[in-house]
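J.: got a sequence here, can you model it:
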Amino acid sequence: MSSARRLELALRRERLQLRCAAQRSELAATLRRFMPVFAAAEALRSAAILLKSHPEWLAAAAGVALVLRPWGLLRWGRRAFAAWRAWRRVSGWLERTLPAPRRAT
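T.: From the prediction side, this is the model:
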């Protein structure tokens, strides 16, 4: 390979590395704006894992709510059931509508 070709490839490589660095910093700046959303999602995920490992806490909270505000709990129960039913319909529709993701072989 000629020295001119090597120089051309080295310059191209340097330009690509600079472009990649600029894209990385732009992506980092963009993602920085979403950090509060990511933090909230992580907190919800952690709470769900905690409640899944300690269902008695959830049962105790429901018992306290049932004693203190039975009609409020019933109203929230209806809302939760409606949300669950809507999720089931939407997820079923999505499974039928969207193609299944391909698995790597």
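J.: so where's the protein shaky on pLDDT?
T.: Scanning the chain for pLDDT under 70 picks out 104-105.
J.: ranges for the helices of it?
T.: Along the chain, counting by DSSP state H, helices occupy 3-32, 35-53, 55-68, 70-97.
J.: look up how far Glu56 lies from the closest residue to Leu73 other than its chain neighbours.
T.: The shortest distance from Leu73 to any non-neighbouring residue, by Cβ to Cβ, 6 or more residues apart in numbering, is to Ala65 (4.7 Å). C-beta here means a position set from N, CA and C on the backbone, and glycine is covered the same way. Per Cβ to Cβ, to the nearest Å, Ala65 is found 15 Å from Glu56.
J.: name the residue in the two with the higher neighbour count.
T.: In terms of neighbours (other Cβ atoms under 10 Å), Ala65 is the more surrounded of Ala65 and Glu56; the figures are 14 against 8.
J.: for Arg75, see how far away the more buried one is.
T.: Relative to Arg75, Ala65 is positioned 11 Å away (Cβ to Cβ).
J.: and for Val67?
T.: Taking Cβ to Cβ, one finds Val67 at 16 Å from Arg75.
J.: got it, and Ala41?
T.: 27 Å.
J.: over to Glu14?
T.: 64 Å.
J.: now render the helices of the chain as TSV, adding distance to Arg103.
T.: Below are the helices of the chain laid out as TSV (distance: least, Cβ to Cβ, whole Å):
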stretch	distance to Arg103
helix 3-32	27
helix 35-53	25
helix 55-68	33
helix 70-97	16
